[in-house]
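Peer 1: Structure for the following, please:
(one chain, ligands or ions: 3)
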Amino acid sequence: MSTEQNIGAVVRHFQFSGDFLGATVYGTGHINDTYRVDFHHAGAPMQFILQRINHNIFKNPVALMENVQRVTLHIAAQVAGQPDFNRRVLTLIPACDGRAWHVQPDGNYWRAYHFIKKARTYEAVESTGQAFQAAKAFGQFQKLLSDLPAPRLHDTIPDFHHTPKRFSALEQAIAADAAGRATLASAEIEFALARKSMTSVLLDANLPERVTHNDTKFNNVLLDNATGEGICVIDLDTVMPGLALYDFGDMVRTATSPAKEDEQDLSKVTMQFPMFEALVRGYLASAGEFLTKAEKQHLAFTGKLITFEQGIRFLTDHLAGDKYYKVHREGHNLDRCRAQFKLVQSIEEQEEKMARLVESIDA
Ligand code: ADP
Ligand code: GN1
Ligand code: MG
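Peer 2: Ligands and ions are numbered 1, 2, ... in the order given. Below is the predicted model:
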């Protein structure tokens, strides 16, 4: 069966309006499958986003969708009435049975969103203006969710950013060497093992639990084509209780280097100080009012930690034989790991200056 026939069979189960024209693979995510689906409705073209949730990784898709539903409705209620309010939050399209998802006989879970037009994502940051806007949008996202009523959101993946547990998983993968790749990755393994002591710093810092996004890659915020504003935070699968600093750290990982996450030319991977400054200013513009002193004090550190964590996650998957992340070439996870570790090094070289900057902005 072609993709379009497959998708056609799924599309029938959602409350889309119009005639289905076709589907296009969308995005560069490592976990789920994303499609833009095109319709013809009342004489005009109309698009939606349709996504298959990877239930090997998200073990409880119903709980995940309950989170997404609560979070999107809560934000929608707060932005209602603002100019362009329906582009400022994801809007789920219900399935025909009224639920927020549809499960196919093959066990795959699907969900759909309204398509947000005249905005796009970027794989790598191009300007300080973009970095500022992305950080402001992610900070605003945390702010809008700071009064989410009880109950606590589900942990869609428990211990997602528990760096010491990620480190233990790496140690186990090294010991098992399931794919016979440890020898060729010895330099990366050595780099990782030498940095074990940083893994517990945030957990020991007595920081408050908040509702956080947990996957604040630069390509998970839509920037408005006309104004450049960070108009909508997307990719909500990992929204759950966490530390605000996990989100800021992943912004530093993905929006300070001009290179893509899997760049093979490591000379291009570098922490650009002006981008970091723009991230701090953008994030504090929206999140500054609720962050504690201790959180602000760790803004410079968390970029290094989350970049390191992501590096060891890629290395672990490389050693395990590419079981978790989608790969598109041989050694892809090792390339991704190398780029993360190069960025960690670049942050280490500038860490003190970064901390001084945060202090001066927050003075
Ligand atoms: P993943 O990264 O897991 O594949 P995302 O939810 O980030 O999935 O979506 C992939 C891409 O699809 C995004 O980078 C963005 O370009 C686009 N996209 C996602 N949701 C929407 C939406 N509601 N409107 C317009 N584009 C979207
Ligand atoms: C995965 O699906 P995607 O590409 O948005 C991963 C994130 C990583 C990211 C690295 C559920 O996100 O944690 O930071 O890859 N998501 C999950 O690019 O593991
Ligand atoms: Mg994404």
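Peer 1: residues in contact with T302?
Peer 2: Contact analysis of T302 by Cβ atoms under 8 Å, 6 or more residues apart in numbering lists 202, 245-246, 248-249, 252. (Each C-beta comes from the backbone N, C-alpha and C, glycine too.)
Peer 1: Name the residues of the helix or strand where A137 lies that are buried.
Peer 2: In the assignment (DSSP states H and E), A137 maps to helix 128-144. Under the neighbour-count criterion of 16 or more other Cβ atoms under 10 Å, helix 128-144 has 128, 130-144 buried.
Peer 1: same check, this time on stretch 47-60
Peer 2: So stretch 47-60, judged by 16+ other Cβ under 10 Å, has buried residues 47-54, 58.
Peer 1: hey, where'd the strands end up in this protein?
Peer 2: Taking DSSP state E, the strands of the chain run over residues 19-25, 33-41, 44-53, 92-93, 102-103, 109-114, 119-120, 210-212, 221-224, 230-233, 240-242.
Peer 1: partners of the second one, with directions?
Peer 2: According to DSSP bridges, strand 33-41 forms sheet pairs with strand 19-25 (antiparallel), strand 44-53 (antiparallel).
Peer 1: ok, and what's touching the last one?
Peer 2: Put plainly, it is strand 44-53. So strand 44-53 is contacted by 7, 10-11, 14, 16-18, 21, 23, 26, 32-40, 61, 64-65, 93, 101, 108-115, 117, 237 (Cβ under 8 Å, 6+ apart).
Peer 1: Please pick the buried ones from these.
Peer 2: The neighbour count (16+ other Cβ under 10 Å) marks 7, 10-11, 14, 16, 23, 26, 32-35, 37-39, 61, 64-65, 93, 101, 108-115, 237 as buried among the contacts of strand 44-53.
Peer 1: residues near the residue of the stretch 251-363 of the chain found nearest ligand 1, how many?
Peer 2: The nearest approach of the stretch 251-363 of the chain to ligand 1 comes at K326, 9.5 Å away (Cβ to the nearest ligand atom). A count of nearby residues for K326, using other Cβ atoms under 10 Å, gives 14.
Peer 1: and stretch 63-82, which residues are buried?
Peer 2: For stretch 63-82, the neighbour count (16+ other Cβ under 10 Å) marks 64-72, 74-76, 78-79 as buried.
Peer 1: per-residue pLDDT, G27?
Peer 2: G27 carries a pLDDT score of 89 in this model.
Peer 1: Assess the claim that it and T34 are in contact.
Peer 2: Yes - in this structure G27 lies within contact range of T34 using Cβ atoms under 8 Å: 4.3 Å.
Peer 1: Quick check: residues of the stretch 151-300 of the chain near ligand 2?
Peer 2: Residues of the stretch 151-300 of the chain found near ligand 2 (Cβ under 6 Å from any ligand atom) are 215, 217, 235, 238, 261.
Peer 1: Kindly report which residue of the protein is located farthest from the centre.
Peer 2: Centroid-distance maximum for the chain: G43 at 36.2 Å, with Cα atoms, centre = their mean.
Peer 1: From L153, how far out is it?
Peer 2: 41 Å (Cβ to Cβ, to the nearest Å).
Peer 1: Is the helix holding A137 in proximity to ligand 1?
Peer 2: No - using Cβ under 6 Å from any ligand atom, helix 128-144 stays clear of ligand 1, with a minimum separation of 12.6 Å.
Peer 1: on contacts alone, who are the packing partners of that helix?
Peer 2: helix 61-79, strand 210-212, strand 221-224, strand 230-233, helix 244-255, helix 273-287 (3 or more Cβ pairs under 8 Å, 6 or more residues apart in numbering; DSSP states H and E).
Peer 1: got the angle between it and helix 244-255?
Peer 2: With axes from the mean of the first three to the mean of the last three Cα atoms, to 10 degrees defining the directions, helix 128-144 sits at 160 degrees from helix 244-255.
Peer 1: model confidence over helix 128-144, on average?
Peer 2: Mean pLDDT, helix 128-144: 98.
Peer 1: Figure out which of the helices and strands packed on helix 128-144 is closest to E188.
Peer 2: helix 244-255 (16.7 Å; Cβ to Cβ).
Peer 1: Rank the helices and strands of the chain by mean pLDDT and give me the bottom one.
Peer 2: One helix or strand of the chain scores below all others by mean pLDDT, DSSP states H and E: helix 3-11, with a mean of 83.
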